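> What would the 3D arrangement of this be:
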Amino acid sequence: MRPKTSRLLAAAVTSVLAATAAVATAGPAVAATSTATRAATASADPFYRYDGSAPLASFAPGTVLKTRTLPYHVLGLPTPVRAIQLLYRTTDAQGRPAANVTTVVRSLTGDTGKAVSYQSFYDSLNPADGPSRAVAGDLSFGGLIPNAEALFLVPALLQGYNLVIPDTEGQTADFAAGPEYGTNTLDSIRAATSSADTGMGADTRVGLIGYSGGAIATNWAAALAPSYAPDVNRRLVGYTEGGLLVDAAHNLEYVNGSLVWSGVIPMAVIGASRSYGIDLTPYLSDYGLSVYRQLEHGSITDAVGHYPGLTWQKMAKPQYADPDSVPDFLMAVNKINLGSAPTPTAPGYIAQGGGGVFEGTFGNPAGVGTGDGVMVAGDVRALARQYCATGSGPVKFQQYDLLSHVGATVPWAPQAFLWLNDRFAGNPAPSDCGRIPAGNSLAPEQPAG
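Numbers count the residues shown, from 1 in each chain. Next up is the predicted model:
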């Protein structure tokens with residue numbers, strides 16, 4: 001990466017972080033618009049609905065169902081950049097056929113042979129906040145995150161990559177449903193490289209990149225690719241990610257009582273309920289139900305910093321103070337545990353912060369350890385070691401001991417693009433296998449008692 005491009009990427013990352021921090025810490029008054037109203041408005045756009053006569057199940061995953069071209073919008077304002085949006089067939093968390101949307105920006109140099117699939121960290125329970133909505137010009141509070149991320153994509157365009165930007169959470173915004181994030185991402189790549197409008201084809205090589213919520217999609221896509229999408233896997237040059245959610249049960253324990261991040265507890269409860277068709281509301285206290293209703297169509301911007309000190313115990317009825325006593329909860333968190341997912345065969349670069357701030361009231365819970373404030377560092381180390389032991393592609397691992405979840409993006413992002421550039425150039429992938437410190441057990445959760 002040239003010094004000028006590297007400086008531009010660093011500036012872009014700084015701008016994204018500043019915008020994201022402003023969004024995440026804004027007071028509830030800024031988010032006064034009804035989230036239910038925004039969800040209803042989002043569902044009104046006919047482009048997002050499959051309305052063909054043939055059953056959706058009759059199409060192969062990745063089939064393009066609709067296409068439109070429009071200006072790429074930032075904060076609702078059109079830019080000269082053109083975006084191609086595709087409605088395509090995919091598979092949801094329960095294995096059912098579904099329709100989803102991805103956005104493609106063609107290479108500025110006309111190169112059709114390489115593409116970066118960028119997975120956004122929009123983290124929302126509202127489909128109105130998806131990247132494709134922001135690109136199309138829709139404005140929502142939660143959608144400020146993908147608007148800010150547009151700056152992050154500039155360096156990739158300047159280097160001649162095609163960009164593929166899937167709505168990783170699907171059209172029902174199934175927050176934290178990792179397997180669904182993965183299938184949405186893989187089928188997005190299939191759609192993008194089969195559409196005549198994008199110029200790409202079956203030989204276009206692809207790299208995956210994402211941070212935080214985008215890392216969930218990136219890792220699950222890499223893990224599922226060999227079995228779910230071998231056609232994509234053979235063209236996958238590698239995946240790079242940071243701030244990764246590995247074991248949701250550990251993360252909920254880690255952020256329990258956090259001054260800032262505890263709002264992800266109800267978001268995860270809602271996302272798990274929605275994605276797997278289960279009802280966790282019978283286990284919630286009156287207060288827990290109130291929070292559930294407030295965030296049912298909310299985003300990370302409605303949750304982070306808005307529920308300081310929130311714990312699972314405050315949300316649950318007394319008899320369910322131990323979440324492992326709730327069978328439906330155990331089922332959901334075990335399904336989204338990356339430790340139980342297949343091993344990627346593509347090379348990977350995994351980074352994680354270890355200098356968490358505003359951690360939960362339990363400090364560093366026994367068996368979980370430190371993290372970046374929201375993600376558990378020991379889980380990420382354990383996953384990287386597991387990949388090394390189970391025959392994955394080479395794994396580069398880096399832990400930033402002094403940096404938090406937000407801060408770790410600053411060193412990771414330039415390194416991630418450098419790493420991807422090397423993979424596209426055909427250079428051998430580096431490996432830290434044998435040098436990664438031990439982590440936590442990623443065994444499935446067991447019933448309490």
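> For the rest of this, base every contact and every neighbour count on C-alpha atoms.
Noted.
> And the strands in the stretch 151-300 of the chain, which stretches?
Here the stretch 151-300 of the chain has its strands, by DSSP state E, counting those that start in this stretch, at 162-166, 205-211, 236-242.
> Serialize the ones you listed to TSV and add fields for mean neighbour count.
Below are these laid out as TSV (neighbours: other Cα atoms under 10 Å):
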stretch	mean neighbour count
strand 162-166	26
strand 205-211	25
strand 236-242	27
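> export those to a markdown table and tack on distance to residue 341 and mean pLDDT?
Output for the strands of the stretch 151-300 of the chain, formatted as a markdown table (distance: least, Cα to Cα, whole Å; pLDDT from 0 to 100):
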| stretch | distance to residue 341 | mean pLDDT |
| --- | --- | --- |
| strand 162-166 | 21 | 98 |
| strand 205-211 | 18 | 98 |
| strand 236-242 | 16 | 98 |
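> Would you reformat those as CSV and include distance to residue 142?
Shown next, in CSV, are the strands of the stretch 151-300 of the chain (distance: least, Cα to Cα, whole Å):
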stretch, distance to residue 142
strand 162-166, 16
strand 205-211, 17
strand 236-242, 21
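> separation between the residue nearest to residue 444 when sequence neighbours are not counted and residue 422?
Distance criterion Cα to Cα, 6 or more residues apart in numbering; nearest residue to residue 444, sequence neighbours excluded, is residue 334 at 5.5 Å. To residue 422, residue 334 is 35 Å away according to Cα to Cα, to the nearest Å.
> ok, those two, which is more surrounded?
More neighbours surround residue 334 than the other of residue 334 and residue 422, with 21 against 17 (other Cα atoms under 10 Å).
> show me the contacts for the more buried one.
Residues counted as contacts of residue 334 (Cα atoms under 8 Å, 6 or more residues apart in numbering) are 247, 340, 444-445.
> For the residues you listed, work out which two are farthest apart.
Spatial extent of those (Cα to Cα) is set by the pair 340 and 445 at 11.0 Å.
> Do a quick rundown of the helices in the stretch 251-400 of the chain.
Counting by DSSP state H, counting those that start in this stretch, the segments of the stretch 251-400 of the chain that form helices are 264-276, 286-295, 300-303, 312-315, 327-335, 377-389.
> secondary structure class for residue 67?
Here residue 67 is recorded as strand under DSSP: H, G, I helix; E, B strand; the rest coil.
> Is the residue nearest to it when sequence neighbours are not counted in a helix, a strand, or coil?
Here the nearest residue to residue 67 in space, its sequence neighbours aside, is residue 86; by Cα to Cα, 6+ apart that works out to 4.7 Å. State at residue 86, reduced to three classes by three-state DSSP: strand.
> so how far is residue 103 from residue 86?
Here the criterion is Cα to Cα. By it, residue 86 lies 6 Å from residue 103.
> before we move on, what about residue 181?
Distance, residue 181 to residue 103, using Cα to Cα: 15 Å.
> returning to that earlier point: want to throw the helices of the stretch 251-400 of the chain into JSON lines with distance to residue 228 and mean pLDDT?
Below are the helices of the stretch 251-400 of the chain laid out as JSON lines (distance: least, Cα to Cα, whole Å; pLDDT from 0 to 100):
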{"stretch": "helix 264-276", "distance to residue 228": "19", "mean pLDDT": "92"}
{"stretch": "helix 286-295", "distance to residue 228": "32", "mean pLDDT": "97"}
{"stretch": "helix 300-303", "distance to residue 228": "29", "mean pLDDT": "93"}
{"stretch": "helix 312-315", "distance to residue 228": "35", "mean pLDDT": "96"}
{"stretch": "helix 327-335", "distance to residue 228": "16", "mean pLDDT": "93"}
{"stretch": "helix 377-389", "distance to residue 228": "18", "mean pLDDT": "97"}
